[in-house]
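Here's my sequence, what's the structure:
(one chain, ligands or ions: 2)
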Amino acid sequence: MKPLSKASQQGLHGTLAVPGDKSISHRALMIGSISQGATHIHHFLAGQDCLSTLKAFQDLGVEIERQQDEVIVHGKGMMHLRPASIPLDMGNSGTTTRLMMGLLAGTSFTSTLIGDQSLSKRPMKRVSEPLSELGVQVKLTEKGTLPAQVVGGTVHGKTVKLQVASAQVKSALILAALAADQPTTIIEKLPTRNHTEIMLRQFGAEIETATNQRTITVQPHPDLVGQDVQVPGDMSSAAFFMVAATIIPNSEITLKNVSLNPTRTGILRTMLKMGADIRVVEHETTGEPFGDLHVKTSKLHPIEIAETEIPALIDELPLVALSAATASGISKITGAAELRVKETDRIQAVSNELRKFGVQVEELPDGMIIQGQPDWKVQDSHLDSYGDHRIGMMDVIAALKAEQSMILENEAAISVSYPDFFTDLQHLM
Ligand SMILES: O=C(O)C1=C[C@@H](OP(=O)(O)O)[C@@H](O)[C@H](O)C1
Ligand SMILES: C=C(OP(=O)(O)O)C(=O)O
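Ligands and ions are numbered 1, 2, ... in the order given. Predicted structure coming up:
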């Protein structure tokens with residue numbers, strides 16, 4: 001249980017470089033592990049989720065060195081992965097699990113994947129079913145959950161149409177397709193984050209994305225060669241402080257080197273639409289785009305968010321709801337049923353937590369209707385992350401705006417994606 005304090009009259013101030021992007025850190029470990037030669041990962045996110053990926057590849061026989069946020073992966077190619085002597089533990093990480101299911105299809109052995117209580121409830125058929133269209137066998141429980149057994153060795157390239165807009169599912173198929181007997185084309189429902197495609201190209205793979213951004217063709221058996229990967233700051237982590245500085249009076253902060261990949265900047269576009277004062281300075285780069293965000297307090301307007309906008313801000317929806325809760329008027333989020341199958345049911349968790357601040361929230365099957373108000377009246381000072389890192393951090397930011405101190409249960413979950421969250425917040429207070 002952690003006591004949370006409200007923000008001072010002076011607001012938040014200062015400059016912060018947020019930790020490395022979680023999605024890119026996972027992918028650098030995975031792609032580095034199946035490449036030939038050393039991959040140097042700079043500004044690696046040492047959160048629990050990425051450490052689950054790191055441990056899984058060590059269990060598969062890959063030598064990986066780590067010093068703070070620098071990681072060196074000594075890849076020897078896909079064929080040098082060895083069966084693990086124990087089940088591979090995915091911890092709390094959906095990304096590790098789903099991408100590994102695809103990647104392990106290209107090995108010559110069978111692997112068992114297990115996870116924690118939350119992960120063991122999350123749906124995995126969304127990966128096993130499209131993989132089975134490529135001839136890959138993944139055995140799940142009757143409910144379609146972990147533990148999973150992935151039988152490596154057979155991947156038939158073909159065209160697969162995906163039913164869920166999910167970068168994890170798409171990436172699983174792309175990684176499996178690297179080991180296929182012929183090219184594979186993946187057709188997405190909506191464009192999703194494209195870090196797997198960008199990184200695989202950097203390592204030498206031939207991956208073509210059609211102009212519709214939804215059709216991806218993968219050529220099999222590339223010669224992947226280890227690279228230097230500079231991981232930009234995670235927009236999903238920066239977003240907590242971006243929203244905090246916007247809603248806490250008298251704030252002015254700078255967030256350095258944040259990922260500006262357009263498949264991830266939905267929160268930025270949304271905050272700007274709501275009237276936030278955010279100045280973006282993009283840096284020159286040939287890789288993943290990144291830049292600095294200068295954020296000042298501003299008054300927000302209500303917003304409507306629909307299905308097509310969801311993939312680019314899926315993990316930031318709790319923050320959209322929190323921002324909307326401070327704007328006078330009604331905001332509506334729809335097309336976001338995916339939130340119900342994250343680390344927690346995030347529609348229910350966000351609604352519960354915002355109500356504790358006296359905000360009226362109506363749950364929809366696929367979203368929320370939020371009756372925003374600039375002044376909150378705390379109803380219940382006992383907040384809970386429910387074991388979900390993003391809900392825990394949303395609670396902490398909301399508590400900055402409350403008129404009294406609050407407490408947070410299950411704050412340890414925050415280390416899943418942001419181990420230094422409280423230190424970084426303190427730096428801005
Ligand atoms: O590919 C990724 O790295 C991720 C994709 C998203 O999940 P879905 O693919 O389920 O939308 C996101 O919620 C998750 O935090 C990370
Ligand atoms: C949903 C998330 O992660 P994952 O699916 O990898 O557990 C997240 O980080 O918000």
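
now the helices for the stretch 301-429 of the chain?
317-326, 346-355, 389-401, 421-428 (DSSP state H, counting those that start in this stretch).

Return the list of helices and strands in contact with the last one.
So that's helix 421-428. strand 13-17, helix 235-247, helix 389-401 (3 or more CB pairs under 8 Å, 6 or more residues apart in numbering; DSSP states H and E). For glycine as for every other residue, the C-beta is placed from the backbone atoms N, C-alpha and C.

Redo these as JSON lines? Include distance to Val281.
Formatted as JSON lines, these follow (distance: least, CB to CB, whole Å):
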{"stretch": "strand 13-17", "distance to Val281": "13"}
{"stretch": "helix 235-247", "distance to Val281": "14"}
{"stretch": "helix 389-401", "distance to Val281": "24"}
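
Reformat these into a markdown table and put mean neighbour count, distance to ligand 2 and mean pLDDT next to each item.
Formatted as a markdown table, these follow (neighbours: other CB atoms under 10 Å; distance: least, CB to the nearest ligand atom, whole Å; pLDDT from 0 to 100):
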| stretch | mean neighbour count | distance to ligand 2 | mean pLDDT |
| --- | --- | --- | --- |
| strand 13-17 | 15 | 20 | 98 |
| helix 235-247 | 27 | 7 | 98 |
| helix 389-401 | 26 | 5 | 97 |
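
who wins for proximity to Ser85 among these?
Closest to Ser85 of the helices and strands packed on helix 421-428 is helix 389-401 (CB to CB; 29.9 Å).

Run the chain-centre distance for the closest one.
17 Å (CA atoms, centre = their mean, to the nearest Å).

What residues does the protein have near ligand 2?
49, 93-95, 315, 342-343, 390, 417 (CB under 6 Å from any ligand atom).

Run a quick neighbour tally on the residue nearest to Asp366 when sequence neighbours are not counted.
The shortest distance from Asp366 to any non-neighbouring residue, by CB to CB, 6 or more residues apart in numbering, is to Ala337 (4.0 Å). Ala337 is flanked by 15 other residues according to other CB atoms under 10 Å.

Surely Ala337 touches Pro365?
Yes. Applying CB atoms under 8 Å, one finds Ala337 in contact with Pro365, separated by 6.4 Å.

Is Tyr386 in contact with Arg346, as I believe?
No. Contact criterion CB under 8 Å: Tyr386 and Arg346 do not qualify, at 9.2 Å.

domain ranges for the chain?
Domain ranges of the chain: 2-20+232-428, 22-230, per automatic domain parsing.

Same list (those) but as TSV, adding distance to ligand 1.
Below are the domains of the chain laid out as TSV (distance: least, CB to the nearest ligand atom, whole Å):
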stretch	distance to ligand 1
domain 2-20+232-428	5
domain 22-230	3
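
in this protein, what residue is nearest ligand 2?
The chain approaches ligand 2 most closely through Gly94 (2.7 Å), counting by CB to the nearest ligand atom.

Pro83 versus Glu353, what's the distance?
In this structure, Glu353 and Pro83 are 43 Å apart, going by CB to CB, to the nearest Å.
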